[in-house]
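Participant: Could you work out the structure for the sequence below:
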Amino acid sequence: MVTTRPKVTIYDVAAQAGVSISTVSLAFNNPGRVRPETLHRVLAVAEELGFRRRDEAVSRAKRSHSRVGVLAPFTSYSSFALRLNGVLSGFARSTTDVIVYDHDSAAASMSPLLASLPLSGLLDGLIIMGLPVADEVGERLARQRLSVVLVEAERRDFSSVCVDNSGGGGTVARHLLAKGHRRFAYLGEEQVSHQYRSPSEERYEGFAAELRSAGVADADIARRTVAHSVESAARATLELLDLPRPPTAVFAYDDALASGVLRAAARRGLTVPGDIAVVGFDDLDLAEALGLTTVRVPFAESGSVAAELLANQVQHPEHSARQISLQLTLVERESA
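Facilitator: Next up, the predicted model:
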């Protein structure tokens, strides 16, 4: 005899979560009106019980195409808009709907956001860009049996598209050494969490390792971390220039911070690259306008490759996770 599992209702979720039915309804339809701890509890119970809202179930049954989400700090970093363009071009010829979720900062944890997203029954796949996936988040995504692709982040259980940030830092070091520099500085981005190695930290590690292997002493490799803004980078650069042995070359985490270095050099009346050389990372439009030597990151390609990986994974969930690394290129201009 075959037994049918009773359908989970909103009443079941409310009872187990210890809240009212109206609170459960708000959690799914207007989560901003629910206290974070209550929202987390309701969504966790709904997930545990396998509850699916009727509107989601009907919508999923009716639609003949897939729906994927893209999560990234779009408003804080223009580079992620380029990655998103790559994702959209990757899905352009398909019937896939793309839903965009913004996140404040690549330097912060995304766990609260992912905990509040009602993923069950809503998405077939998710692309997470530039954000670390904590163990509890990875476990939740696995329980949902959701196809996931990471961009600029890695976990063995998920497919990923990355660049060799450490290798890029090493490339910058070799370029500056070849120009004759022996005193250096690295300007990185402050991290809210140190539970993972950020791209900023990886770039510094590759940069410093290459300098040390060339015989540069640690005392001649200064390091500062700043908020992600041009003015913060300028202030930190002025501090570096006041050191007893100031650097003759500065490598910045990205082009935005590098522009702050250029601003500080102008304030001091220094010539670039005569008095101080400057190198950035990303090669956005800003870099070309400033004549900035930088490392080109294939942003659009990373997005389109991620879209291809996710589409394949949605269609063939039994396939193993794949890790893809894209090539970086040093672009030499006037600043170094």
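
Participant: Please make it C-alpha for all contacts and neighbour counts, starting now.
Facilitator: Noted.

Participant: how about the strands in the chain?
Facilitator: For the chain, applying DSSP state E gives strands covering 67-72, 97-102, 125-129, 147-151, 159-163, 184-189, 221-226, 249-252, 277-279, 294-296, 323-326, 329-331.

Participant: neighbouring strands for the first one, and are they parallel or not?
Facilitator: Read that as strand 67-72. Applying DSSP bridges, strand 67-72 is found paired with strand 97-102 (parallel), strand 125-129 (parallel).

Participant: where does this protein have low pLDDT?
Facilitator: Residue ranges of the chain with pLDDT under 70: 1-6, 28-32, 52-65, 103-122, 193-195.

Participant: ok, now with 90
Facilitator: Within the chain, the segments meeting pLDDT under 90 span 1-17, 19-69, 71-81, 91-125, 130-147, 152-157, 190-198, 312-321.

Participant: Could you tell me which helix of it is the longest one?
Facilitator: If you go by DSSP state H, the chain has its longest helix at helix 299-315.

Participant: Now tell me what touches it from outside.
Facilitator: Helix 299-315 has contacts (CA atoms under 8 Å, 6 or more residues apart in numbering) with 79-80, 82-91, 124-127, 147-151, 159-162, 319, 326.

Participant: Show me how far it is from its chain's centre.
Facilitator: A distance of 15 Å separates the centroid of the chain from that of helix 299-315, by CA atoms, centre = their mean, to the nearest Å.

Participant: Strand 147-151 and that one, what's the angle between them?
Facilitator: 160 degrees (axes from the mean of the first three to the mean of the last three CA atoms, to 10 degrees).

Participant: Please export the C-alpha coordinates of helix 299-315 as CSV.
Facilitator: Taking C-alpha atoms only, helix 299-315 is exported to CSV below (Å, rounded to 0.1, in the frame of the first residue of the first chain):
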residue,chain,number,x,y,z
PHE,A,299,34.6,40.2,-16.6
ALA,A,300,32.1,39.6,-19.4
GLU,A,301,33.7,36.3,-20.2
SER,A,302,33.4,35.1,-16.6
GLY,A,303,29.7,35.9,-16.7
SER,A,304,29.0,34.1,-20.0
VAL,A,305,31.0,31.1,-18.9
ALA,A,306,29.1,31.0,-15.6
ALA,A,307,25.8,31.1,-17.5
GLU,A,308,26.9,28.2,-19.7
LEU,A,309,28.0,26.2,-16.7
LEU,A,310,24.7,26.9,-14.9
ALA,A,311,22.5,26.1,-18.0
ASN,A,312,24.3,22.7,-18.3
GLN,A,313,24.0,22.0,-14.6
VAL,A,314,20.2,22.7,-14.6
GLN,A,315,19.7,20.3,-17.5
